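**Q** For reference, the sequence and a predicted model appear below.
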Amino acid sequence: MRTLPRLAFLVGAGLALLATASARESWITARSAHFEMFSNASERESREMLNKLEQFRAAVLAICSFPQFHDSKTTIVLFATGRQFDACRPLLEGKPASAAACVIGDADETLVATSADHIPEQTDPIIFRAYLQQMLTAGGEEPPLWLGEGLAELFSTFRIEGDSFILGAGKPAPAGTSGRLQWMPPAQLFALTRESPEYHGEVFHAESWALIHFMICSKDSAVYLPRLRRFNELLAASDGTIDHIFQEAFSMSYEEMTRNVDRYLQGDHSFAQRGKLILGDLSARIEFKPAGDFAREVALNDLRWRLQAPGDAADLLRQSSESHPAEPRPHEILAALAMKGGDRNSALNHWRCAAEAGSDNPYVYLQLAADGLDHLMIGLSLDYRMPGDQAATLRRWLDQAITLSPRNLEAYERLAMVEAFSEWPRFDVVNRVQTAVPKMRDKTRAWFAIAVLRWRMGDDAAARQIAKSLLATPKLSARLRFLTQRLNWRLTSTKTSGVPAEGPP
């Protein structure tokens, strides 16, 4: 699974004083549907920020449709003052970073940190841009650079006014868009990589912004926004080329799109996208309570490690896990530390401890299930049936992962394999899994599991059709190809002789 690159920083000189100082401050905490916050700012400031991030997330998903996005555990730490934030501010080349906010996206958790006394016009664009990038890559694939850049630029302008949100207003267009830019051909734009010289140029930035601003904010957005959603859906689940996906989604050539955007830029492109807040009056439903010493210290230690990688992080977290053995959080972070060091066995032990303690992090359960299933695949045969206790454990982990992160397609894929090789499949679950398959980028394992289930149900025609399609898929893994060939042989033998056979060696 791909994540945004981690940021590695040196340890700040004032970091050791942070824990002592925090004990003298009044910290509060709250949970919304998708975020957990720790704050020593006022309840009003804390509520405003938590509401803003929930509304931002909802607006992004409603406008853009990211089929492969799934929620990771996301923690927000809001300091009352910039001076307090300075104590854990990341260092770059030995000097404190100047950014007014930090967003770190790791596979297991996303962390947002800032202070309440920064001007929102400075902090909000940083947070929105970085959190959007995390949303774009959460499904494991990086979108085309122009799409990520254009969306990040536009959504960095998100703001709330009353019961509405506004996108695309209050920020000047990139240099060059007010006049006629010499656009690079769209085919070239779409093919850019981070190593391309043009990636760092003015034209890339301006053209990416112009395409997205036109689709979402122009007077023709009612036409183009549904097409952009369709483009994102096809991009997430299709194996086709970017040229084919663009043509299918927008029903026009690159040249026609370029002409439309150019006309838009020559006219009044000061339009904005406005809409009612997706979640309504959320602020009134957010409840804060005092943060306990343990929860606060673990949150701050997590912040220290992810922003500054101090050498004592593991020791402090081990002490927390020993003093509070029934708490999952230290084990979740210790597992991430172990993975950073390449020690997956240690990470698995910590994930098991976290799961037993009732972790609310879906990544914990997904990793435990993935480990069990990966071992199973090594010697898997079509006749294998999981022992009841093994199937029950894997189901419990994956059901919990889906409960905590309902959009997690990997959890559905893993669950399909469990049901395919359990003694008594849960066919209602299989039906739910099957509805998620079209959104998956790599559908092969899920379809293989469904083929096995259809075969076990006696629906040989459906199983045979799925097996035939799988065998025609070039990217089918060697192990799945072998198993699918055996399944296809059995289905063919059954069709001709009526007697199931073991198949060739």
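**A** The structure has been received and is ready for your questions.

**Q** For Arg274, what is the enclosing helix or strand?
**A** strand 273-276 (DSSP states H and E).

**Q** Now do the same for the strand or helix carrying Val433: mean pLDDT, whole number.
**A** Per DSSP H and E, Val433 falls inside helix 427-436. Computed over helix 427-436, the mean pLDDT rounds to 86.

**Q** list the buried ones in that helix?
**A** Burial within helix 427-436, assessed by neighbour count using 16 or more other Cβ atoms under 10 Å, is assigned to Val429, Val430, Val433, Gln434, Ala436. Bear in mind the C-beta positions are built from the backbone N, C-alpha and C, glycine included.

**Q** on contacts alone, who are the packing partners of whichever helix or strand comes after that helix?
**A** Following helix 427-436 in sequence order, the next helix or strand is helix 444-457 (DSSP H and E). For helix 444-457, the elements it packs on are helix 409-420, helix 427-436, helix 460-471, helix 478-497, judged by 3 or more Cβ pairs under 8 Å, 6 or more residues apart in numbering; DSSP states H and E.

**Q** Keeping just the C-alphas, turn the strand holding Arg274 into PDB.
**A** Provided in PDB are the C-alpha atoms of strand 273-276 (Å, rounded to 0.1, in the frame of the first residue of the first chain):
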ATOM      1  CA  GLN A 273     -18.200  26.600  -6.400                       C
ATOM      2  CA  ARG A 274     -20.700  27.100  -3.600                       C
ATOM      3  CA  GLY A 275     -22.800  24.600  -1.800                       C
ATOM      4  CA  LYS A 276     -24.500  23.900   1.400                       C
END
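
**Q** name the helices or strands packed onto it?
**A** Using 3+ Cβ pairs under 8 Å, 6+ apart, the elements in contact with strand 273-276 are helix 43-64, strand 164-167.

**Q** Including distance to Lys289, mean neighbour count and mean pLDDT, could the ones you listed go into JSON lines?
**A** Formatted as JSON lines, the helices and strands packed on strand 273-276 follow (distance: least, Cβ to Cβ, whole Å; neighbours: other Cβ atoms under 10 Å; pLDDT from 0 to 100):
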{"stretch": "helix 43-64", "distance to Lys289": "10", "mean neighbour count": "19", "mean pLDDT": "95"}
{"stretch": "strand 164-167", "distance to Lys289": "28", "mean neighbour count": "18", "mean pLDDT": "94"}
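
**Q** Of those, which is nearest Leu380?
**A** helix 43-64 (36.2 Å; Cβ to Cβ).

**Q** The closest residue to Arg441 other than its chain neighbours in helix, strand or coil?
**A** Closest residue to Arg441 apart from its sequence neighbours, by Cβ to Cβ, 6 or more residues apart in numbering: Glu141 at 5.8 Å. Of the three states, Glu141 takes coil according to DSSP: H, G, I helix; E, B strand; the rest coil.

**Q** Pop the domain breakdown of this structure in here.
**A** Following automatic domain parsing, one finds the domains of the chain at 1-143+278-310, 171-271, 363-505.

**Q** mind checking which of those domains is nearest Lys340?
**A** Of all the domains of the chain, domain 1-143+278-310 comes closest under Cβ to Cβ, at 8.0 Å.

**Q** ok, then the element right after whatever helix or strand Arg306 lives in?
**A** Assigning secondary structure by DSSP H and E places Arg306 in helix 293-308. Next along the chain after helix 293-308, taking DSSP H and E as the criterion, comes helix 313-323.

**Q** okay, the angle between whatever helix or strand comes next after that next one and helix 313-323?
**A** Following helix 313-323 in sequence order, the next helix or strand is helix 329-340 (DSSP H and E). Relative orientation of helix 329-340 versus helix 313-323 (axes from the mean of the first three to the mean of the last three Cα atoms, to 10 degrees): 150 degrees.

**Q** Can you list the neighbours in contact with helix 329-340?
**A** 73, 106-109, 295, 298, 301-302, 305, 313-314, 317-318, 320-321, 324, 344, 346-348, 350-351, 353-354, 357, 359, 361, 364, 367 (Cβ atoms under 8 Å, 6 or more residues apart in numbering).

**Q** PyMOL command for the buried members of those?
**A** In PyMOL, a selection of the buried entries from those looks like this (16+ other Cβ under 10 Å):
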select buried, resi 73+106+107+108+109+295+298+301+302+305+313+314+317+320+321+347+348+350+351+353+354+357+359+361+364+367
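
**Q** First-to-last residue distance for stretch 150-161?
**A** 23 Å (Cα to Cα, to the nearest Å).

**Q** Measure how far that stretch is from the centre of its chain, please.
**A** 19 Å (Cα atoms, centre = their mean, to the nearest Å).

**Q** and if you look at stretch 437-449?
**A** Counting by Cα atoms, centre = their mean, stretch 437-449 comes out at 18 Å from the chain centroid.

**Q** In it, which residues have enough neighbours to count as buried?
**A** Val437, Lys439, Met440, Asp442, Lys443, Thr444, Arg445, Ala446, Trp447, Phe448, Ala449.

**Q** Equivalent analysis for stretch 247-266, please.
**A** Ala249, Phe250, Tyr254, Met257, Thr258, Asn260, Val261, Tyr264, Leu265.

**Q** what mean pLDDT does that stretch have?
**A** pLDDT averaged over stretch 247-266 gives 88.

**Q** got it, and stretch 27-35?
**A** 96.

**Q** quick one: contacts of it?
**A** Here stretch 27-35 has contacts from 36-40, 43, 46-47, 50-51, 53-54, 57, 71, 74-76, 282, 286-291, 295-296, using Cβ under 8 Å, 6+ apart.

**Q** 6 Å - rerun?
**A** By Cβ atoms under 6 Å, 6 or more residues apart in numbering, the residues outside stretch 27-35 that reach it are 37-40, 50, 53-54, 71, 74, 76, 286, 288, 291, 296.

**Q** Show me the shaky parts of the stretch 351-500 of the chain.
**A** 494-500 (pLDDT under 70).

**Q** what separates Ala478 from Gln485, distance-wise?
**A** 11 Å (Cβ to Cβ, to the nearest Å).

**Q** the more surrounded of these two?
**A** Gln485 (15 against 7; other Cβ atoms under 10 Å).

**Q** Now stretch 370-386: buried residues?
**A** Buried, per 16+ other Cβ under 10 Å, within stretch 370-386: Ala370, Asp371, Gly372, Leu373, Leu376, Leu380, Leu382, Met386.

**Q** before we move on, back to that, just the ones in helices from the contacts of stretch 27-35, please.
**A** Those of those mapping onto helices are Leu50, Leu53, Glu54, Arg296, per DSSP state H.
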